[in-house]
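# Sequence first, then the predicted structure:
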Amino acid sequence: MMWLWYDWQAAAVVNSDGSILDQDNWDGFYDHRLVVERLECIAQGGLTPEARLLLERFPEAKPLIHGDADLPEAEYPLPSDEALQAADKAAIALANLGVAQAAGDPDKRLEHLLRASDEMRSTYLTMESRLVEWVGLFLPEARFGRDRTSLAKQVGEADSLETLSKKLEVSLPPVGPSKSEWKTLREWGESTATFRGKLDRLENAIRELAEQHLPSLSIMLGPILSARLCVEAHGRMRLARLPAGTVQVLGAEKAFFNHLKTGAPPPKHGHIFMHPWISRSPRWVRGKISRTVAAKASIAAKVDAFGGEPWGQEAVDEIEKRIENIRSANSRPSPRRG
């Protein structure tokens, strides 16, 4: 029985008695870049040139990396002090390379952007709600409806409550805030408007990165929802490998586990519910549309992950046409059985 021992700087063939039958050393360690290449090669399960050469001479030898427990005891050609210093420098370079690669990972970048966006949106909505209640205390006739985003800017630009009431076209109350209170309210409006601007810039960054990293999925579902699915799946490649049924309920894990635990109805959709194709459809047809959207989203993710031709608007139009057919075929809820 023979073994092929090797590390980054040498290789040797040893028999069961621990005798070295042949060996080959590498002396190019003065260039730490070459050492880095060798360490990467070994980390990926490859053989060094010295190991490959000895394996050609002794094809029956079993290759084992230095430190393997199956290797017999022998006087293996270990590195010199100079070689060890070169290995230390190479290890530092490898660590820096790993950090750089992590910094360039779009999946990680999307995750941080999306988490930051969620946290910022939560804070912004709290600030906006406070502003609406505060202004409504002095101007109860004001009606903001769904469009509250302009209120913060209007409050921040108004020099008095009277000016704000004219902008909102409501009457001025008999009792208004003091100068200090109005100043505080105005500053709150300015802060809310500033926060909204930061949130918009953050979401624009998400859109830009998602459209680069997930072009097909982004044109189908929109970049924000695509980024959310990617983050929920822990990366583009993992998202591409998920079955359509799992993509359909991504984000509904709590409801799914509750279904398994208590027997409650299983969730029909997760994050994809945010898409208008589903959220604006009648309740009784959302499940069917969710399955269709999830199936197409799964294909789009595979196209993005495995280098396929990115989808265009024509593909999206075909999906939308299919969804419209589902709506037309299910214009009324099915009668309940039993």
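Looks like it came in fine. Numbers count the residues shown, from 1 in each chain.
# and Gln212, what does it touch?
With contacts defined as Cβ atoms under 8 Å, 6 or more residues apart in numbering, the neighbours of Gln212 are Pro106. C-beta coordinates here come from the backbone N, C-alpha and C atoms, glycine included.
# ok, now with 10 Å
By Cβ atoms under 10 Å, 6 or more residues apart in numbering, Gln212 lies in contact with Pro106, Ser218, Pro223.
# List just the nearest of those to Arg52.
Closest to Arg52 out of the contacts of Gln212 is Pro106 (35.3 Å), distances taken as Cβ to Cβ.
# show me the contacts for the closest one.
By Cβ under 10 Å, 6+ apart, the contact list for Pro106 reads Leu209, Ala210, Gln212, His213, Leu214, Ala227, Cys230, Gly235, Arg236.
# Pull out the buried members of those residues.
Leu209, Ala210, His213, Leu214, Ala227, Cys230, Gly235, Arg236 (16 or more other Cβ atoms under 10 Å).
# I'd like the distance between the fourth one and Thr246.
Yep, that's Leu214 we're talking about. 17 Å (Cβ to Cβ, to the nearest Å).
# Likewise for the last one?
In this structure, Arg236 and Thr246 are 15 Å apart, going by Cβ to Cβ.
# Please apply the same query to the third one.
The gap separating His213 from Thr246 is 20 Å, by Cβ to Cβ.
# Now for Glu232, how many residues are close by?
Residue crowding around Glu232 was assessed by other Cβ atoms under 10 Å; the count is 19.
# Just give me the neighbour total for the spatially closest residue to it that is not a sequence neighbour.
Excluding its sequence neighbours, the residue lying closest to Glu232 (Cβ to Cβ, 6 or more residues apart in numbering) is Leu250, at 4.6 Å. The tally of other residues near Leu250 (other Cβ under 10 Å) stands at 21.
# Leu250 in helix, strand or coil?
Here Leu250 is recorded as coil under DSSP: H, G, I helix; E, B strand; the rest coil.
# now do Tyr76
Local secondary structure at Tyr76 is given as coil here, using three-state DSSP.
# Just confirm it contacts Trp5, I think it does.
Yes. Counting by Cβ atoms under 10 Å, Tyr76 sits close enough to Trp5 to count as a contact (5.5 Å).
# what residue ranges in the stretch 201-338 of the chain score low on pLDDT?
Confidence mapping of the stretch 201-338 of the chain against pLDDT under 70 gives the ranges 336-338.
# what does the stretch 1-150 of the chain give?
Applying pLDDT under 70 to the stretch 1-150 of the chain flags residues 96-104, 145-147.
# rewinding a little: can I get the buried ones among the contacts of Pro106 in TSV including secondary structure and distance to Thr163?
Listed next are those as TSV, based on DSSP: H, G, I helix; E, B strand; the rest coil; distance: Cβ to Cβ, whole Å:
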residue	secondary structure	distance to Thr163
Leu209	helix	41
Ala210	helix	41
His213	helix	46
Leu214	coil	46
Ala227	helix	40
Cys230	helix	46
Gly235	coil	51
Arg236	helix	50
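# counting contacts, what elements does the helix or strand Asp317 falls within pack onto?
Taking DSSP states H and E as the definition, Asp317 sits inside helix 313-329. Contacts of helix 313-329 with other secondary structure elements, assessed using 3 or more Cβ pairs under 10 Å, 6 or more residues apart in numbering; DSSP states H and E, are made with helix 215-221, helix 276-279, helix 286-305.
# Now Tyr6: closest residue in space that isn't a chain neighbour?
Nearest one to Tyr6, counting by Cβ to Cβ, 6+ apart, is Ala51 at 3.9 Å.
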